[in-house]
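Colleague: quick check, what structure comes out for this input:
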Amino acid sequence: MDKLRLSKTVDFIARYYDNCKVGYVGHEGYRKSTDLIKFARCIDELVRLDLIDPKRTIFLDLGCADGRVNVLMSYFVKLSLGIEIDPEILAEYNPRKEELGHKLQRANLIKPTDNITLFLGNSLEATTYEQIEISINVRFEEIDIFYTYITLHDQFGAKIAAKAKPKALYLVYGFNKILPRYQGLELLIPDLASQGIVTLYGKGEF
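Modeller: The predicted structure follows:
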């Protein structure tokens with residue numbers, strides 16, 4: 001894949017979604033969104049450190065909302081999976097991705113691939129992962145890298161520590177000074193790519 005064209009594509013996608021931040025306001029308040037321009041720099045660092053690979057890495061966003069992180073990650077991993085508990089938010093995924101695809105085509109950039117699968121469900125419930133395994137034959141224990149935007153980060157951390165495979169990675173978005181610690185996980189990089197927003201943890205010895 002042409003690296004310059006890929007870089008331009010990633011920047012285009014980040015700016016597209018970052019302009020879609022204003023939207024759903026539900027009973028839990030205003031929805032927060034990942035800053036994709038900053039997150040794109042974190043992906044660059046993961047690639048540089050050889051921590052993600054388009055031929056083998058399985059990525060899971062534990063609260064994927066409209067799938068924006070999944071779209072960005074899809075260019076760098078084998079499978080880009082997401083789980084969202086709110087059907088109204090998840091319903092934004094297809095129309096936004098379709099609009100983005102048209103914009104990318106007109107700009108002669110790279111359209112998202114077909115390696116993205118999003119699921120409606122609760123990321124803490126076993127039934128959700130049973131649904132994923134039945135649908136695409138991927139088990140929780142096969143996932144290489146998990147992602148969350150602060151919400152329920154401690155509960156997700158405990159689940160990953162207990163059930164993920166050795167050397168699985170856990171990206172937590174939203175911390176920049178006081179960093180949480182999770183029993184069974186190692187703090188690998190306090191400030192990934194010096195963006196002041198993403199912390200990387202890992203399970204087991206590194």
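Colleague: what sits opposite the residue nearest the centre of the chain in the beta ladder?
Modeller: Centroid-nearest residue in the chain, with Cα atoms, centre = their mean: residue 61, separated by 4.0 Å. Legend: beta-bridge partners of residue 61 under DSSP bridges are residue 82, residue 147.
Colleague: that one contacts residue 82, correct?
Modeller: Yes. Between residue 61 and residue 82 there is a contact under Cβ atoms under 8 Å: 4.2 Å. (Glycine included, C-beta is placed from N, CA and C.)
Colleague: anything in contact with each of those two?
Modeller: 67, 69-70 (Cβ atoms under 8 Å, 6 or more residues apart in numbering).
Colleague: how near is residue 86 to residue 170?
Modeller: Per Cβ to Cβ, to the nearest Å, residue 86 is found 22 Å from residue 170.
Colleague: before we move on, what about residue 6?
Modeller: Residue 6 is 25 Å from residue 170, by Cβ to Cβ.
Colleague: which one's more surrounded, these two?
Modeller: More neighbours surround residue 170 than the other of residue 6 and residue 170, with 26 against 14 (other Cβ atoms under 10 Å).
Colleague: which residues does that one bridge with?
Modeller: Listed by DSSP bridges, the beta-bridge partners for residue 170 are residue 146, residue 201.
Colleague: thought it was touching residue 159?
Modeller: No. Using Cβ under 8 Å, residue 170 makes no contact with residue 159, being 9.9 Å away.
Colleague: give me the below-cutoff pLDDT ranges for the chain.
Modeller: 1, 21-32, 205-206 (pLDDT under 70).
Colleague: now the strands for it?
Modeller: Here the chain has its strands, by DSSP state E, at 25-26, 29-30, 58-61, 79-84, 116-120, 145-149, 169-173, 185-189, 198-203.
Colleague: of all those strands, which one is nearest residue 36?
Modeller: Closest approach to residue 36 among those is made by strand 169-173 (10.6 Å; Cβ to Cβ).
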